[in-house]
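>>> any chance you could fold what I've pasted below:
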Amino acid sequence: MKSFPEKKSLIKLRNGNNIGHSFFGNKRNFPIFYFHGWPGSRFELRNIPLKKKKCFIIALERPGYGISDPISNFKITDWPKIVLESANKLKIKKFSIIGVSGGAPFALACANKIKSKILKSVAIVCPLAPHNAKGMRNGRVGMLLNYGKKPITSWLLINFLRIRLLNSDTEKSFARWKNKIPLPKSDSKLFTIDRGIKLMENFKEAIKHGTTGVHRDANLYSKDWGFKLKNIERKIFVWHGEKDLTVPIITNKYYKKKLKNKEIFIKPNEGHFSICYNFMNDIIQQVSE
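Residues are numbered from 1 along each chain as shown. All right, here's what the predicted structure looks like:
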């Protein structure tokens with residue numbers, strides 16, 4: 001188990017492992033657990049203009065990301081237990097969940113597993129869908145799944161990118177990322193230098209102690225998640241930008257078909273990043289009511 005200096009940002013589990021977290025907003029508001037994307041960290045929400053007087057967010061880092069300890073053989077279905085234990089440690093009796101992009105499978109695992117009244121609402125935003133959903137083999141998410149199916153290749157590539165990112169100037173890393181990654185107008189316009197630097201800092205935080213979490217999740221996304229969407233009884237709010245070039249909007253057809261109880265919000269001019277920037281406060285309010 002690793003030892004980190006950020007002790008105040010750690011939740012120690014019964015098995016001795018630590019989970020990194022950050023608080024956003026005011027603790028007097030209704031608590032919401034936030035699950036970051038891929039790659040991501042507890043810093044992800046620093047790039048979102050939150051109405052901090054009206055929210056209380058606990059951003060949890062999955063095992064192997066940021067300052068969270070790696071956990072051997074961790075699976076998507078192991079996450080709900082960690083969330084419940086984290087809530088207990090923080091003396092939170094009832095909460096909602098928001099899972100963004102690569103955090104969506106973990107949010108849905110909680111919706112499937114946590115049956116008690118402790119879980120109020122669940123929202124997934126620009127969500128990855130199961131690997132067999134139409135559209136999941138397209139674009140950047142298709143590349144991610146392809147890497148996940150080739151663990152040795154993906155490990156080598158991710159570690160190469162880690163070394164390059166950690167040893168490069170943050171502003172130059174952002175410029176290189178923005179030039180190489182196709183973005184819809186809404187996302188491209190969003191990323192000023194200041195926001196781009198925050199994005200790179202989030203990526204750097206995710207991998208600063210290693211690539212265990214990033215590499216593992218790529219592999220988990222490319223396999224069966226370990227539960228069936230059709231078995232989820234709880235209502236799921238689904239938000240997606242129609243111009244998303246990272247997780248194609250067509251993946252929503254899978255959620256529309258498989259989820260029994262859902263409400264889907266498609267925003268016509270939004271991309272993968274802009275929907276979070278422009279609508280996160282609405283989503284927070286939605287799962288708080």
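>>> secondary structure element holding H21?
For H21, the element it lies in under DSSP states H and E is strand 18-25.
>>> who does that strand pair up with?
Taking DSSP bridges as the criterion, strand 18-25 pairs within the sheet with strand 10-12 (antiparallel), strand 56-60 (antiparallel).
>>> list of residues touching that strand?
Defining contact as Cβ atoms under 8 Å, 6 or more residues apart in numbering, one finds that strand 18-25 is touched by 1-2, 4, 6, 9-13, 34, 41-43, 45, 50, 52-61, 63, 65-69, 82, 86. The C-beta positions use only the backbone N, C-alpha and C, and glycine is treated the same way.
>>> alpha carbons of that strand, as PDB, please.
Listed in PDB are the C-alpha atoms of strand 18-25, where the atom choice follows Å, rounded to 0.1, in the frame of the first residue of the first chain:
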ATOM      1  CA  ASN A  18      -7.100   4.400   0.800                       C
ATOM      2  CA  ILE A  19      -9.600   6.200  -1.500                       C
ATOM      3  CA  GLY A  20      -8.800   9.700  -2.600                       C
ATOM      4  CA  HIS A  21     -11.600  12.300  -2.600                       C
ATOM      5  CA  SER A  22     -12.300  16.100  -2.800                       C
ATOM      6  CA  PHE A  23     -15.200  18.100  -1.500                       C
ATOM      7  CA  PHE A  24     -16.900  20.800  -3.600                       C
ATOM      8  CA  GLY A  25     -19.600  23.100  -2.300                       C
END
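>>> quick one: buried residues of that strand?
Buried positions in strand 18-25, judged by neighbour count with 16 or more other Cβ atoms under 10 Å: N18, I19, G20, H21, S22, F24, G25.
>>> which two in those residues are spaced the farthest apart?
Largest separation among the buried residues of strand 18-25 by Cβ to Cβ: N18 and G25, giving 22.8 Å.
>>> circling back: which other helices and strands contact the helix or strand following the strand holding H21?
If you walk from strand 18-25 toward the C-terminus, the next helix or strand you reach (DSSP H and E) is strand 31-35. Counting contacts by 3 or more Cβ pairs under 8 Å, 6 or more residues apart in numbering; DSSP states H and E, strand 31-35 is packed against strand 56-60, helix 79-89, strand 95-100, helix 104-113, helix 274-288.
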